[in-house]
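Participant: Quick check, what structure comes out for this input:
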Amino acid sequence: MDAARVHIEPVRRRPEHRTPHLGRQHIRADHPHSVPVRRPEHVSPGRQQGKAGTWEAHSQARTPAPEHIAERLAISPGDLCVVTRYEFLADGQPVQLSESWEPMAITDGTPVVLPEMGPLAGMGVVERMRSIGVHIDVAVEVPRPARATQEQANLLGISVGDMLLQIERTYYDTDGHPVETADIVVADVRWEVAYEIPIEQRKTQQS
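Facilitator: Prediction:
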């Protein structure tokens, strides 16, 4: 299965169905061009379509995990993590926010402890973890509706209380242990998220 990717694509109406499942993920909007938007595990925004895409990131190491993050990472509350907060832009316009948590028990003392620094800076969770012998097998995304807080509204250029789509994403290694979790926020008033799910084709044997 291909890794999930986020795109902004032109759309005339919302699709009748949304399927919260693994696969390619797209953000659709009334926009004249299709613009890939980088999430922490993906390529730079705008690279494929030539649009100007940027992101800002700030990491803080040795951050105690709050209870809800600890539960998602199967660690104890207060265990030390690296938290990285991202703001993604396309043509200078805010597109999405992301807050990523990684247990330092996995990355401490390695060259990839900070996602946006070191030899694999910006290469994404899967590639960075693979470099230290942690192989990611699956990602689970749970979309939920939410209302914009003052901080989110300021960052996304929307109004307080506007609808958001908040996606809780967690990466698991081949042993089923969570190795990273993130909260991804998209302004529902401007964008919509659609999931494209690859279908495995089985070859029929000819007699």
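Participant: list the contacts for the nearest residue to Thr174 once chain neighbours are set aside?
Facilitator: By the measure of C-beta to C-beta, 6 or more residues apart in numbering, the closest residue to Thr174 outside its immediate chain neighbours is Asp137, 4.4 Å from it. C-betas here are computed from N, CA, C, even on glycine. If you count contacts by C-beta atoms under 8 Å, 6 or more residues apart in numbering, Asp137 has them with Tyr172, Asp173, Thr174, Gly176.
Participant: quick one: low-confidence parts of this protein?
Facilitator: Residue ranges of the chain with pLDDT under 70: 1-53, 203-207.
Participant: mind running it again at 80?
Facilitator: Scanning the chain for pLDDT under 80 picks out the ranges 1-53, 90-92, 190-195, 197, 200, 202-207.
Participant: now the strands for it?
Facilitator: 7-10, 24-29, 35-36, 53-64, 80-90, 93-103, 136-147, 163-173, 178-187, 192-196 (DSSP state E).
Participant: residues in contact with Leu114?
Facilitator: Contacts of Leu114 (C-beta under 8 Å, 6+ apart): Ser59, Ala61, Val82, Thr84, Ala121.
Participant: and which of those is nearest Pro111?
Facilitator: Ala121 (9.8 Å; C-beta to C-beta).
Participant: So what does the closest one look like in phi/psi?
Facilitator: Dihedral angles of Ala121 (phi, psi; degrees, to the nearest 10) stand at phi -60, psi 130.
Participant: how close does it sit to Gln152?
Facilitator: Separation of Ala121 from Gln152 (C-beta to C-beta, to the nearest Å): 26 Å.
Participant: now swap in Ala139 and tell me
Facilitator: Taking C-beta to C-beta, one finds Ala139 at 23 Å from Gln152.
Participant: Ile136 bridge partners, please.
Facilitator: Asp173 (DSSP bridges).
Participant: okay, now it: neighbour count?
Facilitator: Residues near Ile136, counting by other C-beta atoms under 10 Å, number 20.
Participant: Next: Pro145.
Facilitator: Counted with other C-beta under 10 Å, Pro145 comes out at 9.
Participant: who are the neighbours in contact with the nearest residue to Gln150 once chain neighbours are set aside?
Facilitator: Nearest non-adjacent residue to Gln150, counting by C-beta to C-beta, 6+ apart: Val160, 5.4 Å away. Neighbour list for Val160: Ala148, Thr149, Gln150, Ala153 [criterion: C-beta under 8 Å, 6+ apart].
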